[in-house]
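Asks: Build the 3D model from these lines:
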Amino acid sequence: MVERNGRPRLGEVRARRGNWLSLTRWQALTRYLDDGRIEIDDNAGERALRGVSLGRKNYLFMGSDAGGERAAAIYSLVETAKLNGLDPEGYLREVLGRIADHPINRIDELLPWNIGRQGDAQRRAA
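Replies: Numbers count the residues shown, from 1 in each chain. Sure thing, here's the model as predicted:
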């Protein structure tokens, strides 16, 4: 475990540091044991963000800065629609069909979380 010069090996130092870090964060590491709603890992969150990070790389190849900004705006709308439980294609179809006649001072009504709320209200009324 100890080299000739009396210093610990790098692997041993890393193991000690890892043990120390886990012991200092023990309450946070075992929090999921107290509340069954908490996941043991964050894979779902990482998968949700994966598309965003892949999109960032794709924006480098849009041909121009303006094209990249437009693609980023559309991509943001698509991902936000997904996060709000909407079909992205249906959401964009709805927004593009309504946006020409929609007052500019009420544009926030076309955001995914508001469109989703309107759909919930219509389903409840039916």
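Asks: helix or strand for the most centrally placed residue in the chain, which one?
Replies: Computing the C-alpha centroid of the chain and ranking residues by CA atoms, centre = their mean puts residue 49 first, at 3.6 Å. Residue 49 is located in helix 43-58, with elements delineated by DSSP states H and E.
Asks: do the same with residue 117
Replies: Taking DSSP H and E as the criterion, residue 117 maps to helix 112-125.
Asks: For the residue nearest to the centre of the chain, report the pLDDT, please.
Replies: pLDDT for residue 49: 73.
Asks: residue contacts, it?
Replies: Residues counted as contacts of residue 49 (CB atoms under 8 Å, 6 or more residues apart in numbering): none. Where you see a C-beta, it was placed from the backbone N, CA and C, and this is true even at glycine.
Asks: Start the count at 53 instead of 1 going forward.
Replies: Let's use 53 as the start, then, which means that last one is residue 101.
Asks: Flag the shaky bits of the chain, pLDDT-wise.
Replies: Per-residue confidence for the chain (pLDDT under 70) gives these ranges: 53-58, 60, 62, 103-113, 170-178.
Asks: show me the contacts for the residue lying closest to residue 122 once chain neighbours are set aside.
Replies: With CB to CB, 6 or more residues apart in numbering as the criterion, residue 122 has its nearest non-adjacent residue at 7.9 Å, and that residue is residue 114. Shown in contact with residue 114 (CB under 8 Å, 6+ apart): 120, 122-123.
Asks: hey, which helix is longest across this protein?
Replies: For the chain, the helix that runs over the most residues, judged by DSSP state H, is helix 117-135.
Asks: Packing partners of that helix?
Replies: For helix 117-135, the elements it packs on are helix 95-110, helix 140-150, helix 164-177, judged by 3 or more CB pairs under 8 Å, 6 or more residues apart in numbering; DSSP states H and E.
Asks: Find the nearest non-adjacent residue to residue 92, please.
Replies: Using CB to CB, 6+ apart, the nearest residue to residue 92 is residue 84, at 5.2 Å.
Asks: Next, count neighbours for that neighbour.
Replies: For residue 84, the tally of surrounding residues (other CB atoms under 10 Å) stands at 13.
Asks: Thanks a lot, see you next time.
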